[in-house]
Structure formats: structure tokens, C-alpha cells
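Asker: turn this into a model:
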Amino acid sequence: MSLPTFIVIGASRSGTTSLHHFLGQHPDIYMSPVKSPNYFVSGDALPPWEGRRLRAMARQWVTDRQAYERLFARVHGEQAVGEVSPVYLQSRAAPQRILDTCPDVQLVAILREPVTRAYAHYLGRRRDGLDRRTDFRAVVEEELSAPLPDEVAFGSYVGASRYHHFLREFFARFPADRIRIHLFEEFTANPRGVLADVFTFLGVDPNLPVDTDARHNRSGEIEGGLRRFVWTRTVGLRTALRPHLPARVRHAGQLVIGRSLDRPPLAPDLRARIGEALRPDVERLQSLIGRDLSGWLQA
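Answerer: Down below sits the predicted model:
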């Protein structure tokens, strides 16, 4: 049975769904038909703040080796085989599990300015009815009232933006030349350029044309009270139906919802509050990945 030769490990709300679709257009790349199988975090206990809706979704994570291998059962000579699970960058245990199962794997990450990512994460869950709290300021203050999570950051909006904290575990186990890091700002400004670099990294033709016009899984509040009510209140039904719906149907539903989203601005003082909490992590990240992130520190 085949296993991945590469894994996109994150970060959440950083264009990974779009990247999944773009990579799947390359004839020499086989992508898991399931985005976010989350196999390498399925052994992590969900933190106590995750509600019943998220726990229901987690029950659909791939939990055993045979089921994981079946995701790649239709590989037929492709040069690169991959999957995308952004929560791998929210678990300190995931890197060792990946190493134990796929020791020669290549790793790809897209990192977004961490304050914006945290807010987009919240809006994305609000959009889908997974978080019904309406005051992001109160959510942030609750998170910052205690130490940010150390082992897993599932559902912690600020905690999941601590890229260095989790990424360092990958660099401790894998050679740096098998880890490719891009910034979300680069990806949105020049998606074809980033894709060409990722294709080269994976050893496939970097010049293959890819349709990068569509953006997938956008964050925001659904405009229109009735549509918002129906979508957010049917999260349980959608979760139950998800394993039985073809990927194209799920994708079509996301595209329809994503056409009209309201993105309320983040208050400057709240942005500064989150930014100060994440500053030490960003400063360490600069050294780890060898990138100037001063723009993030001033955002």
C-alpha cells in the first residue's frame, strides 16, 4: 500500500484548502480524496474546551493505519503522493508519529500573519456553526487568562498561531531540506509562483498550468439571516452526512456559502493585544525558518 511522500502540515486558515485543490490538478501528484484526514493527531486527546460539535467531527478523523492507507489505494504511478491536514501544526506529538510512519516524507507549510490567522480561524468556525460565541474579544481574553496550550492547540485561536512552538518539533526530527515553508502573503499575491516552487520541491514539472482563480474555504460571517441560520444550525446534520457525500458536492456547497461573506474588521487594540502575546513566538520563528517577519511584528 502507498503512503504519502509529502504532507501539508498547516497552518489552519492559511490557504491549505486551496493548495489541496491546486496540487490535485497536477497529473504527477496524487492527493488524498479526503482533505484533513488528521490521522497523525487522532491519538491526541481533545482539549476540554472543544464542544460537542467539534467532538462529533473528530469522530470522523482517520484513526487506524489500514484506513489511512486506503486513502492512497488508487495511486497509479504518480511521482508525489500527498495529503493536507492543517491540525498537524497544532500538535507536539504529530511530528514523531509522522516520522515513525513516513520517515522519508517531505513537509510543506503555509504560515499566515498569526493575529489575522487567529481571527480568520474564529470567523471560519463561526461561519460553520462550530463556535456560537459572538464576542471575539471575550474569547481572546479567556484564552490569555491562562498559559496557552502546550501539547495540542485544537480550538485555541491564539494558541494555534504559535507556529514556532509546534514547527520546531518538525525541524528537530526532519532535515531542513525536506521542509518547505511559504508565507500566506506570498501565496495570495503569487499563487502560481508558490506552486511552481512546491512542484519543484516535490520533484514534478513546475511549469504545468494550474487554475488558481478559485479561493476555497474562505472565512467570514454568512450574509443573509436566513442562509446564516440554516447553515450554522445544520452543522450536526452536515457533519453526519459528510462521509457519505462526494467531495464535489461538499466542495460545491462551500463555494456557494463562500460567495457572500461579511468580514468585520478586527479592532486595532485587540489586534495589538494578540500580537504582543504572540511576539516571542514570532521572534523565535524568524530564526527557525530564516525569514524576516518584521512585517508581522508591526501588523
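
Asker: count the residues that sit near the residue lying closest to residue 293 once chain neighbours are set aside.
Answerer: Nearest residue to residue 293 in three dimensions, chain neighbours excluded: residue 286, at 4.9 Å (CB to CB, 6 or more residues apart in numbering). In short, each C-beta sits where N, CA and C put it, glycine included. For residue 286, the neighbour count with other CB atoms under 10 Å is 15.

Asker: and residue 286, what's its pLDDT?
Answerer: Reading off the confidence values, residue 286 has pLDDT 97.

Asker: quick one, phi psi at it?
Answerer: Main-chain dihedrals, residue 286, degrees, to the nearest 10: phi -50, psi -50.

Asker: measure it to residue 297 for me?
Answerer: Computed as CB to CB, to the nearest Å, the residue 286 to residue 297 distance reads 9 Å.

Asker: how about residue 101?
Answerer: Residue 101 sits 36 Å away from residue 297, taking CB to CB as the criterion.

Asker: equivalent analysis for residue 171, please.
Answerer: 21 Å.

Asker: how about residue 97?
Answerer: 32 Å.

Asker: now do residue 281
Answerer: 11 Å.

Asker: out of these two, which sits in the more crowded spot?
Answerer: residue 281 (18 against 15).

Asker: got the phi/psi numbers for that one?
Answerer: Note on residue 281: backbone dihedrals following degrees, to the nearest 10 are phi -70, psi -40.

Asker: report the contact partners of it.
Answerer: 114, 161-165 (CB atoms under 8 Å, 6 or more residues apart in numbering).

Asker: now swap in residue 49 and tell me
Answerer: Residue 49 sits in contact with 155-156, where contact means CB under 8 Å, 6+ apart.

Asker: which elements pack onto the helix or strand hosting residue 119?
Answerer: According to DSSP states H and E, residue 119 maps onto helix 114-127. If you count contacts as 3 or more CB pairs under 8 Å, 6 or more residues apart in numbering; DSSP states H and E, helix 114-127 packs onto helix 136-144, strand 221-222, helix 225-233, helix 268-289.

Asker: show the model's pLDDT score for residue 55.
Answerer: For residue 55, the model assigns a pLDDT of 69.

Asker: correct me, but residue 3 touches residue 101?
Answerer: Yes. Between residue 3 and residue 101 there is a contact under CB atoms under 8 Å: 6.7 Å.

Asker: residue 193 sits in which helix or strand?
Answerer: helix 191-202.

Asker: could you pull out the buried residues of stretch 136-152?
Answerer: Within stretch 136-152, the residues that count as buried by 16 or more other CB atoms under 10 Å are 136, 139-140, 143, 148-149, 152.

Asker: pick the one among the residues you listed closest to residue 33.
Answerer: When the buried residues of stretch 136-152 are compared for distance to residue 33 (CB to CB), residue 152 wins out at 25.9 Å.

Asker: now the helices for the chain?
Answerer: Under the criterion DSSP state H, helices of the chain are mapped to 16-23, 52-58, 65-70, 94-101, 114-127, 136-144, 163-171, 184-189, 191-202, 225-233, 235-241, 247-257, 268-289, 294-298.

Asker: shaky segments in the chain?
Answerer: Applying pLDDT under 70 to the chain flags the ranges 51-56, 215-261.

Asker: close enough to count as contact, residue 139 and residue 125?
Answerer: No. Residue 139 is beyond contact range of residue 125, at 10.2 Å (criterion: CB under 8 Å).

Asker: what touches both of these two?
Answerer: Contacts common to residue 139 and residue 125, judged by CB under 8 Å, 6+ apart, are residue 131.

Asker: cool, thanks, signing off.
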